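# pasting the sequence and the predicted coordinates here, then a few questions.
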Amino acid sequence: MAFSSTLDGFLLSAFKPHKAFLAPPSQSFSRFLCPVFVKSPKHLRVMRSTSIKASSSSSSISSTTLAEPEGIKINLVPTKPIEGQKTGTSGLRKKVKVFQQENYLANWIQALFNSLPSEDYKNGILVLGGDGRYFNKEAAQIIIKIAAGNGVGKILVGKEGLLSTPAVSAVIRKRKANGGFIMSASHNPGGPEYDWGIKFNYSSGQPAPESITDKIYGNTLSMSELKVADIPDVDLSNYGVTRYGSFMVEVIDPVSDYLELLESVFDFQLIKSLLSRLDFRFAFDAMHAITGAYAKPIFVDKLGAGPESILNGVPLEDFGLGHPDPNLTYAKELVDIMYGENGPDFGAASDGDGDRNMILGRGFFVTPSDSVAVIAANAQATIPYFKNSVKGLARSMPTSGALDRVAEKLNLPFFEVPTGWKFFGNLMDAGKLSICGEESFGTGSDHIREKDGIWAVLAWLSIIAYRNKDKKAGDKLISVSDVVKEYWATYGRNFFSRYDYEECESEAANKMIEYLRESISKSKPGDKYGSYVLEFADDFTYTDPVDGSVVSKQGVRFVFTDGSRIIYRLSGTGSAGATIRVYIEKFEADPSKHDADAQIALKPLIDLALSVSKLKEVTGREKPTVIT
C-alpha cells in the first residue's frame, strides 16, 4: 500500500510497547472485563435460565438466547451500570484511570450497540482508529471483541490503531462503512495520568447525533451483560486481513485513503510550486500527535517541503508530555519560531487527533474566525473542489460574524449552528453546506463530515500559492498577513477573543451560567451596559432546518446595537471539572483601525464581560487559562 514504508519507519521508534501492553493477549483484555463468563455453543442455542453468581463488580444475570457468528464463540459477561457515562460535545472523555476501571469502556461500547438499529451494524463494516494516545492499544482490542460479539462482519483498523479523526471520516465514506469508532480525547493531554476518549461516527462519516448519544447514555444506566467474542488479541502491527469464522479484521494504511481524497480536493501541483520555492519557508508542528503520521507523506513526499519543516513529527502516547492543542499558549514552540527573527513565511499546527488547526504567518496570527472566512472568500478561485460552486457557509454560534459577511457578499446560504460538528453534518448531507468553521480552531468542508486540520493547512497553502504563482525568484511574495489585511479591507475586521477558564469547579461554573440566565430573563432591548446598548440577550436555541430537531441552552448571548457580542458557555470537551468559555467580539469597518491589537481593541468589552458574569466572584478565578 502507498506510504507503508514511511509509516513503518516512524512506528518502529514511536510505538515501543509500554509495559502495560506486554501482558499475554488473554490478560490484556480481561483486565478490563469481569472474569465471569457464560459460554454458548457454536451456532444457536437456548440456554437454561439459571442465575450466575458474578464477582463483586457484577450483578447476577439469567442466560438468554444467543445467536453466534459462524465459527465464533460468544461470551456473555455480567456487568453493572456505571454512572457518569454521558457524552459531551464530541464523545465520552474521562481520565485514563477511569476508562481502566473494570468494564468501564466495555459498558459504553455495548450500550452503543444496544442503542443502534441492528441493520446499522449486523454483518456490516465498522472503522476503528485513534490518535495514538496511551490506552488506545488496549482499548482497540476491547472494541474489536465486543463488535464481533454483537455481529459486526468486519473491522477496518489503522495500522497500530492509528487514524486521524478526519481520516476515519474519509475511510467510512470511501469504503461505504456503517460507521466508525474514534479513540481520542482530541486536544486534551495524553498519558497514564491524563485523558482518553471515545466517540462513534455514522455512515456519512459524521459524529452520531444526540438522538443516538442520548440512547447510549440511557442504556449505560441499565447494563446487565456484555457480548464478547472469544477471540485472541488481533495483531495490529501488520497490514492484511485476519479471520475468525465469519468475522474479519483488516489492518489498513492510515494515510492512503485520506491522501487520495485530499488530492481530489486540491491542486497539489500548485501547492508544490510554492513549497518547493527556495524563497518560501514552511513549518508544520504535529505536536507529537497523530498528524505526525501524515505530515511527511503529504507535505514532504508529495508536496516537496523539506524534512526539517516538520516539527515534533513522531506520534507519542503522551504527546511528548505536551498539550496537543494548537493555540498561542500550547503551541508556544511554533509561535516563538514564527515570531522570531527571520521566521518562516508560513506556519501551522494541528492537535491530538488531527481535526484542529492553527495558521500563522511571519509574526502574524490568523484567528480561526478569520481563517474560515478567508478560505471561503478565496475558495472558488484557488481550490478545484469548489470551482463550480459553493453550496453554503456555516459557523458555530460563538464564532465571529466574519463568515456572515462573506456569505452576504457572495450571495450564499448561511447557517449559524450550536457548537459541535454534527450540526454541520446534517446540512452537508442535505446539500446545503460546503465550508464551515468553529472558533475553537476547527475548519472544514463537505469533503468529509469532520473538521480537518490538514485540509485547512492545504486550503491556506492553496491561497498563498495561487497569489504567488506568477512571482519570479527575487520578487516580493504575498504573505499570510497580506492576504488577511486585504480581506479586512474588503469585509471589515471582526476583532475577536476567547477566554478559557479550564477545570473550574463544576458547581461554581453552573452557578455562574444560571446567574446569567436569570439576568437575560430580566433584560430588554435598549438596556445600557456601560457605553453599549443591548439589542437582545438570549440563551441560544437552534432548530435544525433539515430534520426539525431543536437544541436549547447552547450559550448565553448579549448582542449590542453596534454588532458587538459577549457569549458565555460551558465546554463539553474536557475530561474533568468544567471549562468556562467567554467570547468577545467587536466589528470595525475603518481600515485605519484594523492593525490594532485585539486585546486593546476589545478591552472595554472584556471588562464588561467579566463584570456582567461576576466570573471572578463566583469561580474565584483571577485570570483565564488560555487567551486566543
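Thanks, I have the structure now. Residues are numbered from 1 along each chain as shown.
# show the average pLDDT along stretch 260-274.
The average pLDDT for stretch 260-274 rounds to 98.
# and that stretch, how far from the chain's centre?
Centroid separation between stretch 260-274 and its chain, computed with Cα atoms, centre = their mean, to the nearest Å, is 23 Å.
# can I get that stretch in PDB? Just the C-alpha atoms.
Extracted in PDB, the C-alpha atoms of stretch 260-274 (Å, rounded to 0.1, in the frame of the first residue of the first chain):
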ATOM      1  CA  GLU A 260      -6.300  10.200  -2.200                       C
ATOM      2  CA  LEU A 261      -9.200  12.300  -1.100                       C
ATOM      3  CA  LEU A 262      -7.100  15.400  -0.500                       C
ATOM      4  CA  GLU A 263      -5.500  15.000  -3.900                       C
ATOM      5  CA  SER A 264      -9.000  15.200  -5.400                       C
ATOM      6  CA  VAL A 265      -9.800  18.400  -3.500                       C
ATOM      7  CA  PHE A 266      -6.700  20.400  -4.000                       C
ATOM      8  CA  ASP A 267      -4.300  21.300  -6.800                       C
ATOM      9  CA  PHE A 268      -1.200  19.500  -5.400                       C
ATOM     10  CA  GLN A 269       1.000  20.800  -8.300                       C
ATOM     11  CA  LEU A 270       0.100  24.400  -7.400                       C
ATOM     12  CA  ILE A 271       0.900  23.900  -3.700                       C
ATOM     13  CA  LYS A 272       4.100  22.000  -4.600                       C
ATOM     14  CA  SER A 273       5.200  25.000  -6.700                       C
ATOM     15  CA  LEU A 274       5.000  27.100  -3.500                       C
END
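# list the buried residues in that stretch.
By 16 or more other Cβ atoms under 10 Å, the buried positions in stretch 260-274 come out as Leu261, Leu262, Val265, Phe266, Asp267, Phe268, Leu270, Ile271, Lys272, Ser273, Leu274. In short, each C-beta sits where N, CA and C put it, glycine included.
# any idea how far the first one is from Val457?
As defined by Cβ to Cβ, to the nearest Å, Leu261 lies at a distance of 15 Å from Val457.
# strands - which of the buried residues of stretch 260-274 land there?
Among those, DSSP state E puts none in strands.
# per-residue confidence for Ile61?
For Ile61, the pLDDT comes out at 34.
# hang on, I meant Arg395
We have a pLDDT of 98 for Arg395.
# cool, Gly363 as well?
Note on Gly363: pLDDT of 97.
# now do the same contact list for it.
Counting by Cβ atoms under 8 Å, 6 or more residues apart in numbering, Gly363 touches Met338, Tyr339, Gly343, Ser481.
# which of those residues are buried?
Here, 16+ other Cβ under 10 Å leaves Met338, Gly343, Ser481 buried among the contacts of Gly363.
# from these, which shows the smallest pLDDT?
Across the set of the buried ones among the contacts of Gly363, Gly343 stands lowest in pLDDT, at 95.
# what sits closest to that residue if chain neighbours are left out?
Nearest residue to Gly343, sequence neighbours excluded (Cβ to Cβ, 6 or more residues apart in numbering): Arg362, at 4.7 Å.
# that neighbour contacts Val480, correct?
Yes: contact criterion Cβ atoms under 8 Å: Arg362 and Val480 qualify, at 7.5 Å.
# find residues that contact each of those two.
Common contact partners of Arg362 and Val480 (Cβ under 8 Å, 6+ apart): Asp345.
# of those two, who's got more company?
Under the neighbour definition other Cβ atoms under 10 Å, Arg362 and Val480 were set side by side, and Val480 has more, 23 against 18.
# can I assume the more buried one is in contact with Met358?
No: if you go by Cβ under 8 Å, Val480 and Met358 don't touch, sitting 11.9 Å apart.
# between those two, what contacts are shared?
Jointly contacting Val480 and Met358 under the rule Cβ under 8 Å, 6+ apart are Val366.
# still on that earlier bit, any idea which of the contacts of Gly363 is closest to Pro545?
Nearest to Pro545 among the contacts of Gly363 is Ser481, at 36.8 Å by Cβ to Cβ.
# Ala286 and Gly401, how far apart?
From Ala286 over to Gly401 the distance is 32 Å, taken as Cβ to Cβ.
# quick one: which of those two has more around it?
Each of Ala286 and Gly401 has its neighbours counted (other Cβ under 10 Å); Ala286 has more, 29 against 18.
# excluding chain neighbours, give the residue nearest to that one in space.
Excluding its sequence neighbours, the residue lying closest to Ala286 (Cβ to Cβ, 6+ apart) is Gly292, at 3.9 Å.
# now do Lys122
Counting by Cβ to Cβ, 6+ apart, the nearest residue to Lys122 once its immediate chain neighbours are dropped is Gly151, at 4.6 Å.
# low-confidence ranges, the chain, go.
Applying pLDDT under 70 to the chain flags the ranges 1-70, 89, 572-576.
# show me what counts as buried in the longest helix seen in it.
Longest helix of the chain, by residue count under DSSP state H: helix 506-522. By neighbour count with 16+ other Cβ under 10 Å, helix 506-522 contains the buried residues Ala508, Ala509, Met512, Ile513, Tyr515, Leu516, Ile520.
# got the contact list for the second one?
To tie it back to what came earlier, the one meant is Ala509. For Ala509, the contact set (Cβ under 8 Å, 6+ apart) comprises Leu570, Gly577, Ala578, Ile580, Thr619.
# grab the nearest non-local neighbour of it.
Ala578 (3.7 Å).
# can you name the residues bridging to that neighbour?
Beta-bridge pairing of Ala578 under DSSP bridges involves Cys504.
# how about Leu311?
Leu311 forms beta bridges with Asp285, as assigned by DSSP bridges.
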